[in-house]
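K.L.:
task: produce atomic coordinates for the following.
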Amino acid sequence: MLLLCAAALAADTPDWHAAQARQFLKKGWQQDADDQVRAGLALEDSHAELNGLCVELAQAEGDIDRALACASNGAAASTGDIELRAGLSLIEGWLRSNFGWVELRGPEGIALVRVELIVTGLVLDAELQTFLIDAAARGRAGLPLPARIALPVGDYTLLGHPVHVAAAQTQTLALPPSDFAAAAGRGRRLDVAAGLLAFSGFDLANYRPGLQTELSLSFPLPTGRLGLGISWELRAWTRGGQLDVVAPNTAGGLVRYGIPIELGGAILLTPAAVARVAMLPGLALACDESTVPLVCAPGVATGDELPVYANGWGVTAGAELALELNVGRVVFGVRGGVGHVVGLVPDPSQLALGDRLVPFRSDPPDLHGSAWTGAATVGFGL
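P.N.:
Residues are numbered from 1 along each chain as shown. Alright, predicted model coming up:
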């Protein structure tokens, strides 16, 4: 029992964590080694060997701030290998004389930036060149804003902005909203939507809810966003007492104008006006067979009336409300809308009765109803 207690106590000392970290580094287990170093420094933040390991790990990750802190703590330690402490002091001085910092700040609501780093000066030191290659890769992968970037002393462009980095100095670069037009979906955008479509009203009583998809391009305007797109709908309607009929190829086009309102962070509330033109298959007409040509009126046939289901076109003017979330280059959202439908029936036209074509006309030639939509949306900045 005493041996077990002694082993447990030995396993929670800075020296034990340092030994474990060395073993993990030999095996290439960087994260495990880092965990041991952090655990050991939590017990003794001035432990020379742990701070030396911390500097090695931090430099490998490009974390110059942490490397400096560990080098300073290790160099100031009152115990430990004197050569190691002297070496840490030299490393601290080298880092301070060869590195500076850039603080990147973006517009409100931008949480991530992909940085294009270009070296415009001359860097001769091979170690610094390797550091820049890794820093450029980290920047392209994306940095959370605000970001603090350590760079070797020299001249660069970040996202097209010239920056001079001086030793041990911090430069601030405030990125304008125009840099994030695509990254935050505020510039040109490809929008995809999928959801449900339903109709109401006497003239459209035989229509059933269906699916609606949409593909559009949208562009920023000084006061809002204009979108132009096409739609595809899976429509269903009833034909007398028979089963529902489905039209799988109902197509249309649309124009949308919205005004995004920022609610704080990356959340937008966007009211919009929309106009749609689309096919209207299966419009129910009730026709009087006693006239030539047949005279048809909107509605489901009753009594002696002849039921006709015509294909027409519909124009919908409506309003929508969308809630959107900017996530980097992608914008997720949900929206709902309602509009007034004006359906246009072919007038005059012909109806196939048996083996002959019978002319008919619609009186009135237009149908009216309401359209209700709900959809999930995804936008991609271009």
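K.L.:
quick one: contacts for Gly62?
P.N.:
Neighbouring residues of Gly62 by CB atoms under 8 Å, 6 or more residues apart in numbering: Phe131, Asp134, Ala135, Arg138, Ala150. Using the backbone N, CA and C atoms, a C-beta is placed for each residue, glycine as well.
K.L.:
same thing but 6 Å
P.N.:
By CB atoms under 6 Å, 6 or more residues apart in numbering, the contact set of Gly62 is Asp134, Ala135.
K.L.:
cool, Lys26 as well?
P.N.:
Lys26 neighbours (CB under 6 Å, 6+ apart): none.
K.L.:
could you do the one 5 residues further on as well?
P.N.:
Shown here is Gln31, which makes no contacts under the criterion CB under 6 Å, 6+ apart.
K.L.:
next one: the one 3 residues further on
P.N.:
If a contact means CB under 6 Å, 6+ apart, then Asp34 has Leu57 as its contacts.
K.L.:
where does it fall, phi/psi-wise?
P.N.:
phi -60, psi -40 (degrees, to the nearest 10).
K.L.:
ok, Asp35 next?
P.N.:
Taking degrees, to the nearest 10 as the convention, Asp35 sits at phi -60, psi -40.
K.L.:
report pLDDT for it.
P.N.:
Note on Asp35: pLDDT of 92.
K.L.:
ok, now Ala111?
P.N.:
Looking at Ala111, the pLDDT reads 79.
K.L.:
centre-most residue in the protein?
P.N.:
Geometric centre of the chain, nearest residue: Val330, 2.1 Å, by CA atoms, centre = their mean.
K.L.:
quick check: nearest residue in space to that residue, chain neighbours excluded?
P.N.:
Of all residues beyond its chain neighbours, the one nearest Val330 is Phe380 (6.1 Å), with distances taken as CB to CB, 6 or more residues apart in numbering.
K.L.:
Pro222 and Pro271, how far apart?
P.N.:
To Pro271, Pro222 is 17 Å away according to CB to CB, to the nearest Å.
K.L.:
still on that earlier bit, is the residue nearest to Val330 in a bridge, and if so with what?
P.N.:
Leu190, Val330 (DSSP bridges).
K.L.:
before we move on, back to that, who's more crowded, Pro222 and Pro271?
P.N.:
Pro271 (15 against 4; other CB atoms under 10 Å).
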